[in-house]
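>>> Below is the structure, and that's it, no one-letter string:
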Ligand SMILES: Cc1cc2nc3c(=O)[nH]c(=O)nc-3n(C[C@H](O)[C@H](O)[C@H](O)COP(=O)(O)OP(=O)(O)OC[C@H]3O[C@@H](n4cnc5c(N)ncnc54)[C@H](O)[C@@H]3O)c2cc1C
């Protein structure tokens, strides 16, 4: 029998005075952070007692590396440099650092591999860059359960090397050098996403230090769970704005077999994109498909990365894997689709080494494209959007035309199997407005086609103001409410994803 209580009911949860469900910008309170020299000195002493003085770094070159890159969409400025880099070694140390920063109101930005492209790790409010690279251990590998437990500073390439010894594989493959913490931060994907899905599909659980130092774990290790809100997926793609990931349980799969790589050339980017549309509509589960325009192929030829001259035409790099029968059936179907789209060459990598070189050249296209620079101090703007598959040929063609007419050098590449493509555009300081206009129109076009402002690179600083157009103002305001619930002081990567103040 339930006990009958005579006392008044206890308050179960307190309602905030504001009874609305969203947080519009005009009702947001300006974050009160304190980066005065005296306060930073005080913080430094307390943080040194937690991580050790040797793990606090203020060397100029390291500060620069933690401020931005020349291929970030936001050029960055000395005002956005961190006052110091802190390198913790455990969840407890991260929690201790956050307690100090919470108490002293010092802003913090998490940093893993530093390869993100939308200024995600710029310290817009100075403060601390929390570099997780010392936390680089694979803590457990459960082959029977197909999962691993890792720290945030583990690189995906390092993880795959270790997994290969057990015939296992972790598919998300963003920029070389990226680490699990930052990959969770951006909700990345890469060339394997068409077949395997994105980072969101490969994170089972995360251990997170919240802005006030509280440590939470979002769930245990089962492949599925309906236990409460899906906090795991809330943190994936949150760009370090809600908490610091200090451990993750990741799904892994078996190593792909019988890999074959083919290079198919087409008369136009539209024809190449149409071929991909046909392959996807037919449900052919190829391992990966990448589009490169003729400029991108020229860069690969000039870099000498593959030791062979490829036809400088819009091209698809195709990867097949599976049983031998599956691979030969897929190749047969894709060849048929390609020829229906005016394919003008279908060549296979002659051996494993050439296949790896080709894929490597695609992955490092950004560096290959540096050859397109007209001046040494030109910068690169890499932007990505994604649209429903049926709109892909049209948006790629329009973007390509606009890029060609602008007089700027640039290449179009993309993980087109899921409707996602990138433009990498070189520009000088005096051409910033020109490149901004091209990116602006590309992003607007994607939204108008019921697409998204970013398929995988994330929002960071520059794309924040497109979100209301894509998602609606109330949706963005509800995101702001989530941010305020986790981080009421706006300590963590304040200014990223959504604006904290007008
Ligand atoms: C040549 C090149 C190719 C690329 N190709 C792809 C691609 O194919 N697909 C793709 O998706 N991206 C690609 N990228 C972009 C980039 O590699 C990804 O965004 C990647 O996920 C970033 O990981 P990182 O470790 O470098 O993160 P960082 O740049 O260090 O951080 C990224 C974000 O995550 C946050 N963060 C870092 N660590 C943590 C943590 N422990 N907890 C919480 N938040 C954290 C940071 O604050 C920041 O907001 C490419 C980049 C380059 C340079």
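Perfect, I can see it now. As the structure is a computational prediction, the values presented were derived from the model and not from experiment.

>>> What ranges does the stretch 51-200 of the chain have for its strands?
Assignment of strands within the stretch 51-200 of the chain using DSSP state E, counting those that start in this stretch yields the ranges 56-57, 84-86, 108-111, 128-131, 138-142, 147-150, 168-169.

>>> For the ligand, which of those strands is the nearest?
strand 108-111 (3.5 Å; Cβ to the nearest ligand atom). The C-beta positions use only the backbone N, C-alpha and C, and glycine is treated the same way.

>>> Return the distance of the closest one from the chain's centre.
15 Å (Cα atoms, centre = their mean, to the nearest Å).

>>> outside of it, which residues touch it?
66, 82, 85, 97-98, 101, 121-123, 127-133, 181-182, 185, 211, 240, 244-245, 491-493 (Cβ atoms under 8 Å, 6 or more residues apart in numbering).

>>> how about a cut-off of 6 Å?
For strand 108-111, the surrounding residues in contact (Cβ atoms under 6 Å, 6 or more residues apart in numbering) are 66, 101, 121, 123, 127-131, 240, 244, 491-493.

>>> Distance from the helix-or-strand element of the chain with minimal mean pLDDT to the middle of the chain?
The helix or strand of the chain with the poorest confidence is helix 365-368; it has a mean of 78 (mean pLDDT, DSSP states H and E). With Cα atoms, centre = their mean as the basis, helix 365-368 stands 17 Å off its chain's centre.

>>> Can you name every helix or strand that the following helix or strand past it contacts?
Note on helix 365-368: by DSSP states H and E, the next helix or strand toward the C-terminus is strand 379-386. Packing partners of strand 379-386 (3 or more Cβ pairs under 6 Å, 6 or more residues apart in numbering; DSSP states H and E): strand 420-427, helix 432-448.

>>> still on that earlier bit, now mean pLDDT, distance to residue 367 and mean neighbour count too, for the strands of the stretch 51-200 of the chain, in a markdown table please.
As requested, these are exported to a markdown table (pLDDT from 0 to 100; distance: least, Cβ to Cβ, whole Å; neighbours: other Cβ atoms under 10 Å):
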| stretch | mean pLDDT | distance to residue 367 | mean neighbour count |
| --- | --- | --- | --- |
| strand 56-57 | 98 | 26 | 16 |
| strand 84-86 | 98 | 25 | 23 |
| strand 108-111 | 98 | 21 | 28 |
| strand 128-131 | 98 | 23 | 27 |
| strand 138-142 | 98 | 28 | 14 |
| strand 147-150 | 98 | 27 | 22 |
| strand 168-169 | 98 | 25 | 18 |
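
>>> Quick one: those as JSON lines, columns for distance to the ligand too.
Below are the strands of the stretch 51-200 of the chain laid out as JSON lines (distance: least, Cβ to the nearest ligand atom, whole Å):
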{"stretch": "strand 56-57", "distance to the ligand": "15"}
{"stretch": "strand 84-86", "distance to the ligand": "12"}
{"stretch": "strand 108-111", "distance to the ligand": "4"}
{"stretch": "strand 128-131", "distance to the ligand": "8"}
{"stretch": "strand 138-142", "distance to the ligand": "15"}
{"stretch": "strand 147-150", "distance to the ligand": "11"}
{"stretch": "strand 168-169", "distance to the ligand": "17"}
